[in-house]
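Colleague: Take a look and give me a structure for this.
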Amino acid sequence: MEACNAYYYATRDPLGEGGDFTTAPEIHQMFGELVGAALADVWLRAGKPGDAVYAELGPGRGTLAADALRVLRRSGFAGQAHLVETSPALREAQSKRVPEAAFHDSIDSLPAMPLLLVANEFFDALPIRQFVDGRERHVIVAGGHFAFDRDGPIFEDSPMRQSLAETLSWRLATHGGAAIIIDYGYAGGEQGDTLQGVRCHQYSYVLDHPGEQDLTAHVDFKALADAAGRGGAAASNIASQGTWLETLGIGARAMTLAAKNPQDTEAIAAARRRLCDEEEMGRLFKVMAVRSKGWPEVAGLSA
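Modeller: Have a look, this model is predicted:
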């Protein structure tokens, strides 16, 4: 999974109609603006530390960063933007939307400063392990094709996700700041096979087209919260994306945008439904904050 996704993301821009999937920031600006508003609010309540920086893990095309930073700048935030991205194709797109950004290959090289960090649909693409009856499932070659070596009831975990969450938590605990993690997944305890491939906006068998399709698996937010605790930071409640966005005021923002752009009223309403409705992204996608214990809670995610 790690090898396939490394090649996949390094060789293309996978987003949009001409790609394989669409993320929330690409649906409408309201998403990034509300993320930016939540970060601006927690920064203001933390006392407006002047050395704080914006950071994002896996920033896609830079759309979320551009929308969030626009709101942050209006609040008086003047910190630098730091993007953790390894794909040359996506770095090029990000540099057009956030030309002032500094790029990083990993979280380890982010500055030792308070972070206002976002990770949207980042953890789902990190590699997982699967176990059947307590034995790890492997990929083998059978009949000239990739195949799994065993089947049955599956349990998944992801040491890489937990390690990165613990590292992020340690940085927040040591230097201050808050992180907002948004992804599809579950609150904890669920079991089963969630590994999936997506190609041309359609589900695809995970062992087909190696390196030519997006491979993801549902995120165990409880495991991330536990890892954050081990790193010394505080994890928030886990909320559904729809509930969180509605709590932050996406309805009011949609009305304001529609009043200014009446010709876009229907498109704005459709975007809100796609982001918030339970049968769309609203329930499957979850939101959790991780913060330094010296920083206030992120709005809408009180523990």
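Colleague: Quickly list what F146 is bridged to.
Modeller: Beta bridges link F146 to V141 when assigned by DSSP bridges.
Colleague: Can you get me a residue count around it?
Modeller: Counted with other CB atoms under 10 Å, the neighbours of F146 add up to 14. For every residue, glycine as well, the C-beta is placed using N, CA and C.
Colleague: Which residue is the nearest non-sequential neighbour of A269?
Modeller: A254 (6.7 Å; CB to CB, 6 or more residues apart in numbering).
Colleague: again with D193
Modeller: Nearest one to D193, counting by CB to CB, 6+ apart, is I154 at 4.3 Å.
Colleague: That neighbour and D208, how far apart?
Modeller: 19 Å (CB to CB, to the nearest Å).
Colleague: Which residue, neighbours along the chain excluded, lies closest to the residue positioned nearest the centre of the chain?
Modeller: The centroid of the chain falls nearest to N120 when counting by CA atoms, centre = their mean (1.6 Å). Among residues not flanking N120 along the chain, I182 sits closest, at 4.6 Å (CB to CB, 6+ apart).
Colleague: More neighbours: which of I154 and D208?
Modeller: Taking neighbours as other CB under 10 Å, I154 and D208 compare with I154 leading, 17 against 12.
Colleague: and that one, bridged to which residues?
Modeller: In this entry, I154 is beta-bridged to V132, by DSSP bridges.
Colleague: ranges for the helices of this protein?
Modeller: For the chain, applying DSSP state H gives helices covering 2-10, 24-27, 29-45, 63-74, 88-97, 159-175, 221-231, 241-248, 250-260, 265-276.
Colleague: Can you lay out those as JSON lines showing distance to E190?
Modeller: Shown next, in JSON lines, are the helices of the chain (distance: least, CB to CB, whole Å):
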{"stretch": "helix 2-10", "distance to E190": "23"}
{"stretch": "helix 24-27", "distance to E190": "22"}
{"stretch": "helix 29-45", "distance to E190": "26"}
{"stretch": "helix 63-74", "distance to E190": "27"}
{"stretch": "helix 88-97", "distance to E190": "31"}
{"stretch": "helix 159-175", "distance to E190": "15"}
{"stretch": "helix 221-231", "distance to E190": "9"}
{"stretch": "helix 241-248", "distance to E190": "17"}
{"stretch": "helix 250-260", "distance to E190": "27"}
{"stretch": "helix 265-276", "distance to E190": "22"}
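Colleague: Which one, of those helices, ends up nearest to E297?
Modeller: Evaluated with CB to CB, the helices of the chain place helix 29-45 nearest to E297, the distance being 7.6 Å.
Colleague: Which strands or helices does that closest one pack on?
Modeller: The contact analysis (3 or more CB pairs under 8 Å, 6 or more residues apart in numbering; DSSP states H and E) places helix 29-45 against helix 24-27, helix 63-74, strand 115-120, strand 177-186, helix 241-248, helix 250-260, helix 265-276.
Colleague: Would you mind writing the CA trace of it as CSV?
Modeller: Output of helix 29-45 as CSV, limited to C-alpha atoms (Å, rounded to 0.1, in the frame of the first residue of the first chain):
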residue,chain,number,x,y,z
GLN,A,29,-14.7,27.3,-0.5
MET,A,30,-17.0,27.1,2.5
PHE,A,31,-15.2,24.1,3.8
GLY,A,32,-11.7,25.7,3.9
GLU,A,33,-13.1,29.0,5.2
LEU,A,34,-14.7,27.2,8.2
VAL,A,35,-11.5,25.3,8.9
GLY,A,36,-9.7,28.6,8.7
ALA,A,37,-12.2,30.2,11.1
ALA,A,38,-11.8,27.4,13.6
LEU,A,39,-8.0,27.9,13.5
ALA,A,40,-8.3,31.7,13.7
ASP,A,41,-10.6,31.4,16.7
VAL,A,42,-8.3,29.0,18.7
TRP,A,43,-5.3,31.2,17.8
LEU,A,44,-7.1,34.3,19.1
ARG,A,45,-8.2,32.6,22.3
